[in-house]
Each structure stands twice: as C-alpha cells, then as structure tokens.
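> sequence and predicted model, in that order:
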There are 2 protein chains.
Amino acid sequence: MSEKLVYMFEEGNKGMKVLLGGKGANLAEMTSSGLPVPYGFTITTEVCNYFEKNKEYPVDLDAQMLDAVKKLEEKTGKKFSDIENPLLVSVRSGAPASMPGMMDTVLNLGMNDIVVESLTKKSGNERFAWDSYRRFLTMFGNVVMNVSHAKFEKLLEEIKEENNIKLDTQLTTDMLKLLVSRQKELYKKETGEDFPTDAIEQLKRARNAVFKSWNNERAIIYRRINHIPGHWGTAVNIQEMVFGNLGETSGTGVAFTRNPSTGENKFYGEFLMNAQGEDVVAGIRTPLEIEKLNEIMPHAYNELVEIRTKLEEHYKDMQDFEFTIENKKLYMLQTRNGKRTAKSAVKIAVDMVNEGLITKEDAVLRVEPSALDQLLHKQFDSKIKYDFITKGLPASPGAAVGEVVFTAAHAKMQSEEGKSVILVRVETSPEDIEGMHSAQGILTARGGMTSHAAVVARGMGKCCVAGAEEIIVNEKEKLFTCNNHVVKEGDIISLNGSTGEVILGEVPVIDPVMDGEFEVLMGWADSFRKLKIRTNADTPHDAKLAREFGAEGIGLVRTEHMFFEASRIKAVREMILAKDLAGRKKALAKIEPFQVADFEGIFEAMHDLPVIIRMLDPPLHEFLPKEDNEIMEIASELNVSANKIKETISALHEFNPMLGFRGCRLAVVYPEIMEMQVRAIFIAAMNVTKKGINAIPEIEVPLIGKKSEFVILKELVKKIAIQTGAEGKVKYSIGTMIEVPRAALTADDIASEAEFMSFGTNDLTQMACGFSRDDSGKFLTVYIEKGIYERDPFQTIDQEGVGLLMKIAVEKARGVNPKIDIGICGERGGDPASVEFCHRIGMSNVSCSPYRVPIARLAAAQAALKEKGTIDEKAFNK
Amino acid sequence: MSEKLVYMFEEGNKGMKVLLGGKGANLAEMTSSGLPVPYGFTITTEVCNYFEKNKEYPVDLDAQMLDAVKKLEEKTGKKFSDIENPLLVSVRSGAPASMPGMMDTVLNLGMNDIVVESLTKKSGNERFAWDSYRRFLTMFGNVVMNVSHAKFEKLLEEIKEENNIKLDTQLTTDMLKLLVSRQKELYKKETGEDFPTDAIEQLKRARNAVFKSWNNERAIIYRRINHIPGHWGTAVNIQEMVFGNLGETSGTGVAFTRNPSTGENKFYGEFLMNAQGEDVVAGIRTPLEIEKLNEIMPHAYNELVEIRTKLEEHYKDMQDFEFTIENKKLYMLQTRNGKRTAKSAVKIAVDMVNEGLITKEDAVLRVEPSALDQLLHKQFDSKIKYDFITKGLPASPGAAVGEVVFTAAHAKMQSEEGKSVILVRVETSPEDIEGMHSAQGILTARGGMTSHAAVVARGMGKCCVAGAEEIIVNEKEKLFTCNNHVVKEGDIISLNGSTGEVILGEVPVIDPVMDGEFEVLMGWADSFRKLKIRTNADTPHDAKLAREFGAEGIGLVRTEHMFFEASRIKAVREMILAKDLAGRKKALAKIEPFQVADFEGIFEAMHDLPVIIRMLDPPLHEFLPKEDNEIMEIASELNVSANKIKETISALHEFNPMLGFRGCRLAVVYPEIMEMQVRAIFIAAMNVTKKGINAIPEIEVPLIGKKSEFVILKELVKKIAIQTGAEGKVKYSIGTMIEVPRAALTADDIASEAEFMSFGTNDLTQMACGFSRDDSGKFLTVYIEKGIYERDPFQTIDQEGVGLLMKIAVEKARGVNPKIDIGICGERGGDPASVEFCHRIGMSNVSCSPYRVPIARLAAAQAALKEKGTIDEKAFNK
C-alpha cells in the first residue's frame, strides 16, 4: 500500500479513478480546471481494501486525515465547532465504478449544540440550522450507529401528529428543537452512549461507516449485476458542505450535458430551490426543468451553460453533474460520464465524431454492445392505436408488457418462474435493484427523469415510466388505482418508455427500426472488426431478419426443430419404432421431401452466404411421447400397440441423456438418418442452383469426440455426394462441432480431417465444468453468490476453464490446418465478453441469434480495437 | 512394402515375428538351430496388409512363391503331382501374436487323382492315401470355397449309415473312394466348377483363403478381446506335409517344456498314434500322456526330451510345441512361448531365475499382471467338504459357481444381465470365444488338457474342467445328465478347476492363499517399481485384506456406502427432508457417532498408513426411496406425509444427475454435512491415537472444478480442526479429486491450495468423452466394433484423450507444487495398461480394489522396467 492515504482535491486528477474513485478523481479534476468546487479531500480506495483484508485501518490514517482537515479549515476559513464560522462537511463514498445510491453518505457532519447556534447566527436562519441538525442526527444515527431509520421517522411523525401538521415544511423551529432533543434520547437509548459532539470523532466514525458500506448487501448485489469486482473498494470524499436549502436564493440540481434518453445535443437537467441535493435524486419532490433556472436566477443558469461546454471539452463525453446554489453562489458538487440509453449512446458517439470531439474508434468503443439490446428489441407497433390510462415521464425508452407486481421480491420470484412482470412502486430505492433487474419494465408514481428509478432503468436498458402522479399505489392491498381504474396484482399492463404512457392490457409489439446513427456506427464497427458474424437460424424468416441485421452467414441450423413439426413427427416416431433398417428407411423416406423443402428455403434466404447445417443432435427418446394419453393416441395413429411404444421408451430411457446416445453417435449407429439429411441438403442445393441461387452448405457433425468417429461420417457424406450427383456441382464442406472436451483436446487430430469447426459452448461448458444446465440452478446460484464463479458460465464463457479448452483447441487445430474456419454457435456468440474472448484466441467467426447480430458486430469491433491498444477507460466508466 | 515377399525357413529367425508371424519366425529359428523341421517357406504379413489395403495381391507374389516351391521341391526331393514321390504341403496362418484356431488351415494340399495313387504306392497304405484325399477335399471345399462343412460331414454320415458303421476308423478304402467321388460331386454342385487338380492352382487359392481369414468374424472378436491390432496381419506358412497317420509307427503330439498349469519343471504333453495333428488339438479323441511315448517309441521320446532342453536354452522361456512322427521319424512342426496359468507363469519365472536362465527383471516382465487375477480370486474353502458328481481334467485352475448355460450366446446374454454362468459344452470351438469370456467357468464333456477349451480358458484365466466324459450334454433340451443326475439350464453348479471336480449347487469360496514364488516375484516387483500402490476400501475388512496384498495406504474411502447402512439411512432421510438448517443439523448429529466408529475401524486397520477419505459424493436423491410402498413406509417411519416425501423427490429430481448437485457442491450449499464428516474424522483420529494407533487421514473433496470452490472447503476443514482440537494433534492433509475436466485444466491453480490430488477416471472419462457410463452401452459397443475406440475407455484409460487431460494436470500441478501427491482411484487403478500410463506421466500412486493390488504392484514394476529400456518382447508373446 502507498504511504499517502489522503489527497486534497487539488492534488488529484481524472486519471486517478482507481485510487480516488470516480467521484474523487472528478472533483479533483474539476478543482484543477478552475470550476467552482467546494473544498475537500479524498481518502483512497487502498484504505478500503486494507480494512477489508486486515479488519483494521492503517496506523497512519488518522494523522493524515487530521492534517487534511487542518488544510481544509485553512482553505475555507471555517473551523469545526467554531462559534463564528463553523465547518460542516459531507462524507461520501466514491468507487472506481459508479454505484449510485448503493453506499452510505453522511451530510452536515460537524453539527452539535454549539454549531447549531453559530450556524443560526451566520445564516440568519434558525429553522434551517435546526433542520440541518435533525437531518444530521438521523443520518449519523442510522448510517454510523445502525439505529433504524424508521425509529427516527417515527419521532418526526409523532411531532407532526402532536401539532396536527402534515408536511415537513410546516415544522417550526421549536418543533425541530424538540425533535432534536428526542432524537438525542433515542440515540442514547439505542446505542447506550451520548451522541458524540466532537467533530473529529464524528468524522472518524462516519468515514469508517462509509468504508464498511462497500460490503453492504445491496452494494454486493449491484456489483454482481454490474460485474464490478469486489476488490476495487471505495474511496471516501470529505467535502465542505454548501447548502441549497438556505432559502429561496439557494437551490440544488442535477444536469446532463446532453439528453441522456435521446442523445440530443441539448442541455438537460432538473433542479429544486431551497432543497438539499438528496431531495432531487430521491424523487420525493418533482423538480423543475433546467431552463426554468434561467427565469429564476439567470446568472447561475448562464454559468451552468458555460460549465456544460467546458465539461464536454474536457471530458470528451456526455457528463452528468450535480450543482448547488448557496445564497446565489454556484458550486459544482460532482461530475461523471452520464449514464444513457443505447439510443442516446449511439447518437452521442456519432454526433461527437461529427463535432470533432472524438475519433471513430472512440465512438465504437464508447457504446456498450449489450446496451444495443434495447435498440434491437421490440417496440409498440405504431399502427396499433391504444388508450392509455395515464402518462408519466418517459424515463427509459422501449416497450414492456407484463403482469403487475408490487415488490421487488415478488418481481424476482415471478420472473424466475418465467413470467414477464412490471414492477410498480411509489418510488424505487436501492433495495429494489434486484427486482428491477427481473422486471420487463418499471412504473413509479413519484420522481423525475433523474430519480432513482429513471437512472437505474436507463442503465439497465429497461423500459421505465417514472413520476406517473395520477397513480395511487396500495402496496398492502396489492393494487393501484388511476382515474377510476383499479389494477390488481397479476393484471397485465403495457408501458411505453419512450412516451411515458401506461396502458391496460397487452399492446402488440414489433421489431425495432434502426435509425441513421445506428447504421453509421455499425459501419464504423464493421470496418474495425476481424471476426465474421453469423447467425443461428432454423427458418427462412429468421435467416432473412439476421441478414438485415448484418449476419454474414448461418453458423447453426438446428435440424431437430424440423423433426418436431406436426407434419413430420409421425414419420419420425415411425422410424424410431421400426423393427429394422428397412422400416427405418421407409419412415425416413417420408421425412426427406420435407427436409429438402426446409433447406431450399434457407439456401434461398442465405443466397451467396455459407450455411452450417447441423445433423440431428438430440437423443431419439426426445421425439417420443411422455404421457399415457399421448402414447395411446400415437399407438392408434401408427397402428402399433401402446406396449410396444412403452417398451421403446423404456429401452431408450437414459440416466444422463446429456452424455448419452445422441449427436454423431446416432449417425454412427443408424447412418441412415444422417444419410437422409445429407441427401436432402444436396438435393435442395441442386434444386435452388437451378433457380440461380448460390447455395453454400456446410455440413456439421455434432458431438464428435475422436477423429476416427468423424472420418466414418465424412465418408458417409462423400458417398451421398456421389450418389446424388452433387459431388463437383455443389460447393460444400464438412466440419464438426467441438463440444466434447476430448474433441477440444485432440483438435489437431480432428482438424486434419475437418474443414471447419464450431464450438458448442453450452455442451462444452456442461462437460468441462460438469454442470448440467437443466440441474445446475440448484447450486450455481449459490456459487455465484459466494463468488466461486463471478458470472454464470452459461451466459458468458468461463474463460479460464472452458476458454482454456477453446484456446488449446484453436492452437492445435491451426497447427495442422492454419486456414481452418473456427467459430462458435449458441447464446454466447452474442455475449460481448465472449465475443472479445473469441477474437483474442484467434477464432474466425461467432454466431448468435438474429437480434444479437449487431451486438456481436460491435463487440467484435471493440475487441479488435482493444487489441490494437486503443486507449480504453471503459472499464471505469460503467 | 519390401520387395521380398517370401522367405524360406532357413532365411528367417525368431526376431522376425512382425514380418513372418510367430509360427514362421519360430519355424525359421528351429530350422537354423538344427532341429528336425519339415522344409517350407513363409509369405510375409506385409502381403496380408497389402491385400487388406488394395484388395489385390502384389504383382510379384506368384513368381516369388513359385520360386520358393521350386526350392522346396529341390530340398525335399519331392514334386507336386509327382507319380514317384509327390509333394504334399500344409498351408497355415501365423500372425505376430498367437491366435490359436482363429484362422484357416489347409492340409494335404497337392492331392489329386494321380497323387492319391502315388501316395498309395509310396506309403503302401491305400486307406491312408484315400483318407488324406477326403480330408483334403473337405478342407479345401470348406476353407477355400466356402462350401458348408456340414455338407461334407453329411456325405460322411451317409456312407457310414449305408454301411451301418459308426466310427471313422471303420471306413474301408472302398468307402473312402466312394466318399471322395461324392465329395467331388458336391464340390461341383456347390461351386459350379470342377475341383482344381493342379497343385499350384490349389496353393494360390488356399494361400488367399488363409490371408482372408485374418478378417473372419471370430478372428476379429479374438483380437478385440486380446487387444491385438488389426493392422498386424497374418503370414502364411507353406510346409512339407509329414503324416502322423501313416499307421501305428506314426503319431502326433503337443507338448510343453514345463507344466503350463502348475509351472512344475517337468516335461508335459500328449500324443495320439496314427493321427493328424488336428486330432489332438481339436479334442475329438482323448490323447495319451507324453510319458507313454517312452514305452511305445523310446527313441522318439528321448529325442523329444533333448529338444525340450534345447528349446528352453534357446528361447529362455517355456515352449509349447507340436511334433509329428512319420514312420518313426520325429519332426518338429511348431514351437512358441507356451500359454500358461498365472500360477505357472509365476512359478516358471521364479524358477528360471533360480536356474540362471533369466534375470529378475526378465521374470517380472514375463508375468502378465492381469493374469494374476486368477491367483487373487476366490477358491473353494478347503474346510468345506462337498460331493462331486464327476471329475474331468483340471484344465484351468480356480473355482467357479454359476447357473448352467449351454450356448455361448446365452452365456453372453445372462452375464450382461449380471448373472454368473457356467458354460457347458460337449467341446468348445473358436465360435464360443465370446461366451467363454462371459462365463465364470467352462465345463466340457470331451477334449484333453490341450483342447481348445483348456488352452483358451487358461489364457483367459477362467476356471475350466475339460473332458468330463461322464457328462452327456443335450443342448436341444437344455440339460445335461451325469451318473443319474439331471442338471437343467439355470441350475447352479460349481467347478473346481484345480482338481477337475464338478459339484451340484454352490460351494462356498474363500480368499486365495499366495504361495512362496508369488511372494518372491512380488518382492522383486516392489524393488523395481516407483508408483505407490494404495487400495479402495470402505471397511476395516477390505482394508486389512488389501494390506495383506501389499497396499501402502487407502486411496479412496467412499463414505456414501456408510450412509446407506440400515442403521443410518433413516437419519440421512430425515436430514434431506428437514425444513431448515436446524433440522438438518439434528439429523446429522444422529449420524455422526456412526461415522466416528466407521473411521476408527479404518484407521486401526491402516495404522501408520495414509487414508484418503472422500466426502459425501452422490446426489441426495439417491438416498430417497423410489417405489410407492417404500415411500409410504418411510413416511410413517419418519412421521412425515408421503406427499412431502414425493415433493422432495420431485424437487431433487435431476435430468443429468452425473452433472448435477453432488460432490463438493453439496458441501458448498449444505456445509453442515461435510462439517459432520470432517468432525467425525478428527474425533475418530484422536480416539484411536489414545490407543497408540497412528492415524493419517487425508480429507478428499470430490468434484472440484475451480480453486475458489476448494478454498471454501479447505477453510471449513481448518475451522473444524480447530473446533475439535485436532489442529496440531492429528497429522492430516486436504486434497481433491480431479474428475471434472475443468479441474484438470486448471490443476496449477488448484495445486496451489490442495495437498494431494486423485484422478477419478470414471467421472473424468464421462465428462471428457461425454459418455454416461450408465447409458453408453447403447453405442459404445458399436464404437468398439467399428474400431472408433480400440478399448472400452471405462476399462482402460483412453490415453490420447482422457490421458492427455491427466498429463496436462500432472504437469501443471507439479509446476506449482513439485512434491504434490497425485494418484488415481477407481477401477482403472488395477488395469495394467492404465498403471503403466500413470507411471509414465509421473504420478505418485494408484489405488485399486484389494484383489487387484498385486496386479498393480506388478504392472507398476513393469512400467518402471520398460521405461528403463529393458528389452520387451512381451507384446508379441501374447
């Protein structure tokens, strides 16, 4: 650990995020840039990590902090507990990655019975001074001493009841004084000691409480969801208090240098007069739009507009900043890269290139690929007319349809059962994070565009309607009312996050339309990336859609889906129940024309592009019925006895079907099945060729484990190619999936025969980690909670385990066959971290679902740029 | 391919087995050594392989063969089709590894209407000449032209019936002449052509037929069972015929230089006068013991005794040889290293060291480790008296108990259902090989100590009683009778292969007693090996037994078996059904005292030796009942509703339990289970320490995939060690199984924390190859038949796949922790090929079932010797 534990703001800069946290680094940067920042200092993240490791603080910490306090007193001319000019400070967390509202804050620190008097004198506002005092006692008691917030609230409610008033603003100075004295009693009762009046003692305790809040439950959950490592730690910022609640010439606000929702290059923000900063963010009062400030206090507004420009020039990115006006003087409290919707991220990136602020490379690196998801998912069909019951703020765009739920816990539970839910809350708080993550959309009754719900939803790419004030939420009775409508838990509603409309029932949704900036950015991305992007598609419809999204071929056609179709399943079952080869061939002959038509459709949609078709993969028992009534039905349909079917089902039963009789093993034991499929491919290819379509089939054998297995099936393909007359006419290749660890380990062997390879990372993960995807939920959740795995290996490649196997396979395969095409199919093909990994280990292509093709394109471009060493601060800009 | 395709016997030597086959190389060697071998030549194995590849023979083959024939005619002074002195030859297969009776042979080749007359004249024995003719026609028709052997037999039977005679010996010359003419008609009818009278034509066709027989079905099966590669090919030996059936001064026999059953250094053999060699081996007539020859023809006997000594001095090994006496003159037809029982192999090896013939290293290398199995399995308890119904020849030692079956197919079927069977046949033939392999023991009614049944059973280490002539087998009615007893299919009988006794019902069996030579050989083996040998044992009884067999510790205690015991299963179920942690802990507390006692017993048995105890491994659902009546029973026993149990069963159900919630995953999610087990280990260790027992527990965590997982459980162990007071008192270590591919790939990571590692090759194979052991039967059989896998990867390590993973793991682990103990547990620990592999990749120990400990000791010694470069011809001496 470094010896220097404390930095005055003027000692740091924006490059020191790891050490000073994002907030601390930016306060330092703003200070150095001459912006009006209240004085202060930062205690480093190293102190947090030291404490986590040693359960005690560095010996030198207090001394360094006292030294900084002394400097602070000199700069401000104020002094702790001073009768004339008392110093009050805020104590705030600030991690390298932004974690809004997740950790603790103490304001007005330094307050005591003496200071409240001197503050009264200095401000000329006794009520303000006592209000600050009671606020401080609440925060300190709760945050530092763990006295329940509700107990402090109760004292407040009691005073209001005794005096028959309803609003906080109606509290008189005397009432506040009484409240303070009761708070002190509560404090003593709960903690067994008197409230500490010494400011330094207060400061030490508050500092420690903020450091500890790094590991409170909601912070841990937030980090898990946002993939922020636990070892980063938080810094603590101690800063001179400035007051937005000194009266009507004071105020506080939050602003963005551009519109974080649309990306429009227009100043955007909200403020409240006579309020503290927390009042704006918490969404308790609905704030005013920033332009209104021009009417109320033009000099402050103009200063803000200047600062806006300065910030963007300085940071080369859209900023989200907080300000306070204390007695007409403007102070900047914080700035950071603003969270934004995908739409605005794209627009801002492209605009900033056009404005000359950043390069194309910067622009491509600046958009989080997974955020594109919200651009790529459905929107309400604009042709459909609907009535809305109310309109809130369009806090985060997109469309959401789901069942109404009223608690985060319920949202999580229902979503785990596969239901789509809309979380409806009066306002959200950090405790709701997990529930918000589980919901399709969020609807709040209170709060503005920068309220907790709005900020978090935009970050998540969730549809959100905030501040829908006509809604009255009754959490206890599990319903909300709105203009005479009563909506109960479980009722379906729809939200339009782009307009703020709330609709009863389900509104049909359609595919999104990509705008100009999106196309521009994707074009830049394509020019940088090296990986080819393919799609997984089993139908001509999906193939076409993916092509529109930029797919350069199909990486996986799953043929088993075709076997399940109503028109074929009978013949499939006939084949399985057949006594002998002749019987199987007869049944297969019935399926063949369907398969020919399937492949013709796909070849037409993918004209000129390669199409990997995977041979039948699942175990045969998957095609047989399970329930007795189904069995009876099929027995009479196929004219066999139900017993015969049951016998076959029982003969085919497997204890571990994942590791059973499936994939190429079917083709080895029953070659006639694969022969039929290969024949259908060649016939289809020759048929479409006659129409001028260029079909490029790539025949893929699943579940290969050994070269000798592949060779047998390669010979089968050659044989059918000759039999059908496709040999020499159809440009085809034959390759294999790599999903069995053994195949990855002997990829050199296999690559000496295979013409392409494609990682099946689902199966590879199942076998390499020993996790049955169907069963691992029982323990994998606990594993991720305990940090054994940082992320679910079924969502993103487990790079150090499964990834190592892939790396070995790529190296071995390329060793014998340098030009072999190596790809990946399955869901991880659209996971940005996995795409980056695929790029890094030198693969040729990735394949993902059509909607994720643009995400993969962007991720591939970023991977290529990062490899080039283009500066990347992204990790800290989350 | 070499240009030289044909070698005269005098051109070869015993070092040329790969090229000339075992028989050819030995005929050449004997020829050069001056032994009386009939002249001949060998066509190389390369010709066989050339044909297999090109489906035609090398262009030059016929010319080279004709040249050799010419030389043969010169040496013998005989000529094909000569009126004075006709040449007749045998055409025999001869592969690098002995495959007795598996391929085809044609004798008396060169015979035709002219030769039969000249042979009559020369031998003065018209009946012999015509008998040779009809034998030749049968063989040629059957072997070369595929005319069914039964059709020839039918002709023979017809003639016998017409003349009302029963024995072949009663056939007169006229009858034989008639038979020959009918055989020629049959030949023409079946093949559409006249029987070829030209000797060269006969020779070409016979040669080709013998080459082709390399790939007949029974040869393929034999090679599969004996792990002989298909690419070796067979040579063909063409040799001047000598006749043992020229009358009472002729004869033929088979002898061993030592007793192949006991190893006793005593001449051992059998012969028949006036017979051809096939008569002895086929077991059709029961032959005389070799000593009898001294009475009948002393000069020939004495010559044989001399040859016996010469052969052993020359080959340094026990020889199995064939001889023929033609008109009082002795000829050697073949010699090879004799097949032997394990008991005799051990005795011969040790004796030969004592006799100064070979070194200790040779002796250790000469005994096939897997053959020890027969020494290590049970014998009849000598204290038990039993009556036998008959006594046959003690053809292959050991004891066998099982249900009677009458066909090889049935034996195979029943054994696949897990039944023990005794195969009862009149006599066995090569078609029975698979059935013999499946049976516990073999009982034949006819045939001697060198009959097919006897030779094959000894090779397999199967108990065999041969030539039990009182038994009358009625295959059709599925029974046999013997001295008024009727034994039906499915009845239980017992065989004593060491005495030849056949017993009705089951005779109790006991553990074998090792004799002195065995101990001596094992002592030598121990002095050569580097691998430590441990055992898998779950009980004190097994632990003690293994210790007696030389185990140096326990490599695997499976604790789950303990959970299933009647006294505990109730508490185990209570734990699984418990609502919460408290309920689980309550149930676990009931199991703990039992576990303490379990471990105390094992520690006592393994005093001073390390004991690896594996934490609970199977998924919890394995402990729950499956059938409704069981559920009802347990519901009332545990006082919970049957529905609750069913709910739990359904909640715990897994699609792929192999990859499910088991192993260390249980310990991560329910640490209380492992805590109880660890506590029991420490308490037990401390308890036995008080009695002066030195307990060395090694706590093993199964199914680890990642270091972070292991660290959590290591901390758990440390915690319990401190809680119980064992820390500092008990010498324990903590390690992990390596059975998940991911763990093997990241073994460096894991080895930085683990104190030992043990490969679980069953699970590692399941996951690395994607083969569910419970389900893979459906395709793995086909895979082995098609040669995709040469051997079942569940029986011997798949070295190039699973083995590569092990190799990577050992290298990585040793890279960070050079002294880490790395072992293997599970069945492959006793498989010699796997043991050799473990030695080669630098592992520390192997662990196997108690009975296989000596096998592992010997295999480990051989591995070390082979590595040293000690000459190894073993591969060809099979």
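Happy to help now that I have it. This structure is a prediction, so every number in the text was calculated from the model and none was measured. Numbers count the residues shown, from 1 in each chain, chains lettered A, B, ... in the order given.
> how close does the residue of the stretch 251-400 of chain A found nearest chain B get to B:Asn112?
Across the stretch 251-400 of chain A, the shortest distance to chain B (Cβ to the nearest Cβ) belongs to A:Ser370, at 24.8 Å. For the C-beta atoms, the positions are set from N, CA and C on the backbone; glycine is no exception. When distance is defined by Cβ to Cβ, to the nearest Å, A:Ser370 is 88 Å away from B:Asn112.
> return the residues of the stretch 751-878 of chain A in contact with chain B.
Applying the criterion Cβ under 8 Å from any Cβ of the partner chain, the portion of the stretch 751-878 of chain A that neighbours chain B consists of A:763, A:766-772, A:774-776, A:778-779, A:782-783, A:786-789, A:798, A:800-802, A:804-805.
> quick check on the nearest residue to A:Phe388 once chain neighbours are set aside: phi, psi?
Closest residue in space to A:Phe388, ignoring its immediate chain neighbours: A:Glu501 at 3.9 Å, by Cβ to Cβ, 6 or more residues apart in numbering or on different chains. When quoted as degrees, to the nearest 10, the phi and psi of A:Glu501 stand at phi -80, psi 140.
> so A:Glu501 bridges to which residues?
Listed beta-bridge partners, A:Glu501: A:Lys391, A:Asn496 (assigned using DSSP bridges).
> about what we covered before: among the residues of the stretch 751-878 of chain A next to chain B, which are in helices?
Using DSSP state H, A:763, A:766-769, A:778-779, A:782-783, A:802, A:804-805 are the members of those that sit in helices.
> which two in the residues you listed are spaced the farthest apart?
Put simply, by Cβ to Cβ the two of those set farthest apart are A:Lys778 and A:Leu804, 26.0 Å from each other.
> hang on, the earlier thing: give me the three-state assignment for the residue of the stretch 251-400 of chain A closest to chain B.
Counting by DSSP: H, G, I helix; E, B strand; the rest coil, the backbone at A:Ser370 sits in helix.
> ok, it to B:Gly823 distance?
Taking Cβ to Cβ as the criterion, A:Ser370 is separated from B:Gly823 by 45 Å.
> neighbour-wise, which of those two wins?
When A:Ser370 is set against B:Gly823 and neighbours are counted by other Cβ atoms under 10 Å in any protein chain shown, the residue ahead is B:Gly823, at 27 against 17.
> pull the contacting residues for the spatially most central residue of chain A.
Among the residues of chain A, the one closest to the centroid is A:Met460, at 4.8 Å (Cα atoms, centre = their mean). Applying Cβ atoms under 8 Å, 6 or more residues apart in numbering or on different chains, one finds that A:Met460 lies in contact with A:396, A:436-437.
> one more time with 10 Å
By Cβ atoms under 10 Å, 6 or more residues apart in numbering or on different chains, the contact list for A:Met460 reads A:225-226, A:339, A:371, A:374, A:396, A:433, A:436-437, A:439, A:442.
> how about A:His541?
Residues in contact with A:His541, defined by Cβ under 10 Å, 6+ apart, are A:601, A:605, A:850.
> that one: which element?
Assessed by DSSP states H and E, A:His541 sits inside helix A:540-548.
> can I get that helix in CSV, CA atoms only?
Only the C-alpha atoms of helix A:540-548 are listed here, as CSV (Å, rounded to 0.1, in the frame of the first residue of the first chain):
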residue,chain,number,x,y,z
PRO,A,540,-36.0,-18.6,-43.7
HIS,A,541,-37.7,-15.9,-41.7
ASP,A,542,-35.0,-15.8,-39.0
ALA,A,543,-32.3,-16.1,-41.7
LYS,A,544,-33.7,-13.0,-43.5
LEU,A,545,-34.0,-11.0,-40.3
ALA,A,546,-30.5,-11.8,-39.4
ARG,A,547,-29.2,-10.8,-42.8
GLU,A,548,-30.9,-7.5,-42.3
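> and the very next helix or strand once past it, average pLDDT?
Where DSSP H and E defines the elements, the next helix or strand beyond helix A:540-548 is strand A:554-558. Model confidence over strand A:554-558, given as mean pLDDT, is 95.
> tabulate the CA atom coordinates of strand A:554-558 in PDB.
Listed in PDB are the C-alpha atoms of strand A:554-558, where the atom choice follows Å, rounded to 0.1, in the frame of the first residue of the first chain:
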ATOM      1  CA  ILE A 554     -25.600 -19.000 -40.800                       C
ATOM      2  CA  GLY A 555     -23.500 -20.500 -38.100                       C
ATOM      3  CA  LEU A 556     -26.100 -23.000 -36.900                       C
ATOM      4  CA  VAL A 557     -29.200 -24.600 -38.400                       C
ATOM      5  CA  ARG A 558     -30.600 -26.900 -35.900                       C
END
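> paired strands for that strand, with orientation please.
Each strand paired with strand A:554-558, and its direction, by DSSP bridges: strand A:532-536 (parallel), strand A:610-614 (parallel).
> can you tell me what sits against the least confident helix or strand in chain A by mean pLDDT?
Among the helical and strand segments of chain A, the one scoring lowest on mean pLDDT, DSSP states H and E is helix A:277-281, with a mean of 71. For helix A:277-281, the surrounding residues in contact (Cβ under 10 Å, 6+ apart) are A:90, A:100-101, A:105, A:107, A:135, A:139, A:242-245, A:251-254, A:269-272, A:284-288, A:322-324, A:333-334, A:447-448, A:450-452, A:455.
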